[in-house]
Each structure stands twice: as structure tokens, then as C-alpha cells.
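Peer 1: Quick one: sequence plus predicted model below, questions after.
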Amino acid sequence: MVVHPSITFLREERLPHILCEGCGIGTIVNALLEAISELEVDREKLVFVSGIGCSSRVPGYLKFDSLHTTHGRALAFATGLKLANPELEVIVITGDGDMASIGGNHFLHAARRNIDILTICVNNHTYGMTGGQASPTTPRKWKSTTTPYGAIEPPMDISKVAEAAGANYVARWSTASPLQIKEAINKAFQKEGFRLVEVLSQCPTAFGRRNKLRTAIDMLKWYKDHTISIEKAEKLGEKGEDLSAFVVVGELVDRNEPGLCRLYGLTEKKEEEEKKIEKRMKKRDGIKIDKEKILRLLEKLSSPRVRALMEEGEIEKAENLLKGEDEK
Ligand SMILES: Cc1ncc(C[n+]2csc(CCOP(=O)(O)OP(=O)(O)O)c2C)c(N)n1
Ligand code: SF4
Ligand SMILES: [Mg+2]
């Protein structure tokens, strides 16, 4: 059986997990771990941070250092972590409720500051863990436990908010596009500043079944039929077509503004250190090796007399022989 290397990132002792059958979070974890195994990340330098929710349970199943914090505060904890130790790569895993509702303020300012954090937001349009209340991303007319006749309020477009606030990178995909999720995480990981990967993710248990989308397959089909690539949306938009029934997906923002750590001079410190190490390595590589001398030494080492002396523990005598001195 061929086992994907990403499987080694799972804490098997924590299994079975709490997620429902068909939950989109599994697809996202899979894409995330594949991205990490491709990136060959230094395990010692990567920390996951999450808040509270089904999505926020993910770091607990991963063999990495992690902080499982309070509801809505994942980005606040992550900000402290990154500024205290800029060497760390910080990945936040959060939900639409965790990040856009109770944590909305932290989200806004993390994106405005362009702080060097990669955030993966599992947007399942609901508070999954607490049984399916409406969240800031519940679409109009969709039912939840708190909107039994359909949501009235307009939903928040998480990605657009991140873009407007100043995030360096924003991508949105649904769980119907796992490869694209992986690629977005891979690219986002290598950039600085605030990076958001929003994933539309099915919650058949608390959300889908209230909206005639009982199974994961029903919800994935819905995503396929109701998402449109940014390239296509731009073309159709120019023709004045009504795209209000679609969610735009793809790479929505890709900027290279300086991240918060660079603004505070923290990145330079790291880069200086790296340059020093590089210089040291070059110096080491620059040492001239006298091949002839080494060959002569090897030849002497293989002499039966030297070997015998070494075996007898007469190291000094063996050394003298190697130096070319006669045996006394
Ligand atoms: C301060 C606080 N308020 C409310 C809760 C209850 N609570 C736990 S999870 C949650 C919503 C989670 O929604 P989301 O972040 O979208 O995660 P999901 O379960 O959908 O993945 C709420 C309201 C809490 N734990 N702490
Ligand atoms: S309640 Fe929804 S989000 Fe939570 S594990 Fe079940 S399907 Fe997933
Ligand atoms: Mg949610």
C-alpha cells in the first residue's frame, strides 16, 4: 500500500476524530497536509493556532506545536506568537463564526496590519459545533436554527473584507476543488504578510440538511454549480451579466506589500542571521583540501603495522608512524 507522507503528520493517538461523516473539514486537512509535505517545512518552526469550533479542532489532530485558544481569539493569540518569535511560521485554522463573527475585529486588524500569518478559514456558513446557528456568512434565505424562515441579513464576503483591509494574499475555493486548495496554501505559505485561504466547506449535519442538501455529495454539487472562477466572472461582468447567484473563486489578491514583521525590522534580523550562516558555510567550503596528503595518510593507515599498533592500543606509536617518524 502506498502511504502519502502527509499521513505522518497525524496524531494517531487522538483518533477517532470528532468530525461528522462527509464533513468538508477532512478535505481541507488533507489539502493542508499535502501542501506541508510538499513544502518540506521545518517542523520545529511551524505552529498552528485555532479558536473554538469544529474547524478549530483540527490542530489537535496534527503532530505540530499548536495553540487551541478561546472562541474568536485565534488571530489575537497568533499575533502575539508571531511578534514574540518572528522566526516561527504561524498558521491559523479558524471558522466563519470564529473569525468573522466574534473574532471580526481581530480579523480586520490582522489583515490591515498585514501581519505575517497564514489563515485558513473554513467557511461552512454556520456555527457547526453549536448545532447550526446563522453566522455572518449564512446566505440570504438559507435556513438555520436561528433563521428558521430563512436568513434576512446580507452575508459578509470574508475574502472581500480581507482584500479591502490590506491582506497580501487572498484565495477562495470550495471543497469541490481540493487540488486548488492545496496549491493556494502552498503559495500562500511562501509569501509574507497576511494571507487568507477561505474554503467553502460542507456541513451536512448542521447546515445542509436544513437546506435540502442532506449529504456531502449534494453540497459539493451545489458548490460546483454556484461557484465561478474570477477569470470567467470578470469576462461575464464586462458583458453586464448578473452573477449574484455565484460565489467568485480563485486567487483573488496577490500583492507583495511588506508584512508587519518587516515593517518592525524583525525580518531583517532573521535575514541577517541567514546571511551570516551562509557566509560561514562558504568559508568552510572554501578550505582547500590537500588530496595528495590525504591519500598518503590513507595509505599509511592501511599499513599492517599501524593497524596492529592501533589494535594494541599503542595510539601514540601509531601516530608517530603516521607522521613519518621511525618506531622507537
Ligand atoms: C466566548 C464564546 N462564545 C460562544 C461560544 C460557543 N461557541 C462554540 S463554537 C461556536 C461557533 C463555531 O462556529 P465556527 O467558528 O464557524 O466553527 P464551525 O464549528 O462551524 O467549524 C460558538 C458560538 C464559546 N465557546 N465561547
Ligand atoms: S457539525 Fe458540521 S462542521 Fe461540525 S463536524 Fe459535523 S459536519 Fe463538520
Ligand atoms: Mg462555521
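Peer 2: Nice, I can see it. Ligands and ions are numbered 1, 2, ... in the order given.

Peer 1: so what secondary structure elements neighbour the lowest-mean-pLDDT helix or strand in the chain?
Peer 2: The helix or strand of the chain with the poorest confidence is helix 291-301; it has a mean of 73 (mean pLDDT, DSSP states H and E). Secondary-structure packing of helix 291-301 (3 or more CB pairs under 8 Å, 6 or more residues apart in numbering; DSSP states H and E): helix 315-323. From N, CA and C alone the C-beta is placed, and that goes for glycine too.

Peer 1: Quick check: buried residues in the helix it packs on?
Peer 2: Lys317, Ala318, Asn320, Leu321, Leu322 (16 or more other CB atoms under 10 Å).

Peer 1: is it true that the last one touches Leu309?
Peer 2: Spelled out, it's Leu322. No - Leu322 is beyond contact range of Leu309, at 9.8 Å (criterion: CB atoms under 8 Å).

Peer 1: Can you name the residues that contact His109?
Peer 2: Residues in contact with His109 (CB atoms under 8 Å, 6 or more residues apart in numbering) are Ala165.

Peer 1: nope, Ser159 is what I was after
Peer 2: By CB under 8 Å, 6+ apart, the contact set of Ser159 is Val170, Ala171, Arg172, Leu196, Glu198, Leu252, Val253.

Peer 1: Need the three-state assignment for it.
Peer 2: helix (DSSP: H, G, I helix; E, B strand; the rest coil).

Peer 1: Any idea what Phe48 is bridged to?
Peer 2: Assessed by DSSP bridges, Phe48 has beta-bridge partners Ser66, Ile91.

Peer 1: if you go through the stretch 101-250 of the chain in chain order, where are the strands?
Peer 2: 117-123, 126-127, 133-134, 169-174, 194-200, 227-229, 247-254 (DSSP state E, counting those that start in this stretch).

Peer 1: roughly how far is the least confident helix or strand of the chain from the heart of the chain?
Peer 2: The chain centre lies 51 Å from the centre of helix 291-301; the measure is CA atoms, centre = their mean, to the nearest Å.

Peer 1: tell me the angle of that helix relative to helix 315-323?
Peer 2: On the basis of axes from the mean of the first three to the mean of the last three CA atoms, to 10 degrees, helix 291-301 is oriented at 130 degrees to helix 315-323.

Peer 1: got the CA positions of helix 291-301 in CSV?
Peer 2: Extracted C-alpha coordinates of helix 291-301, given in CSV (Å, rounded to 0.1, in the frame of the first residue of the first chain):
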residue,chain,number,x,y,z
LYS,A,291,44.2,15.4,-1.8
GLU,A,292,47.7,14.1,-2.1
LYS,A,293,48.3,14.4,1.7
ILE,A,294,45.0,12.6,2.5
LEU,A,295,45.8,9.8,0.1
ARG,A,296,49.3,9.3,1.7
LEU,A,297,47.7,9.2,5.1
LEU,A,298,45.1,6.7,4.0
GLU,A,299,47.9,4.5,2.5
LYS,A,300,49.8,4.6,5.8
LEU,A,301,46.6,3.9,7.8
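
Peer 1: burial of the residue of the stretch 151-300 of the chain at minimum distance from ligand 1, as a residue count?
Peer 2: For the stretch 151-300 of the chain and ligand 1, the shortest gap (CB to the nearest ligand atom) falls at Cys203, measuring 6.3 Å. If you count neighbours by other CB atoms under 10 Å, Cys203 ends up with 29.

Peer 1: correct me, but it touches Asn124?
Peer 2: Yes - counting by CB under 8 Å, Asn124 is a contact partner of Cys203 at 3.9 Å.

Peer 1: State the phi and psi torsions of the residue nearest to Gly237 when sequence neighbours are not counted.
Peer 2: Nearest non-adjacent residue to Gly237, counting by CB to CB, 6 or more residues apart in numbering: Leu243, 6.5 Å away. Phi and psi for Leu243, reported as degrees, to the nearest 10, are phi -110, psi 20.

Peer 1: What of Gly103?
Peer 2: Dihedral angles (degrees, to the nearest 10) for Gly103: phi -100, psi 20.
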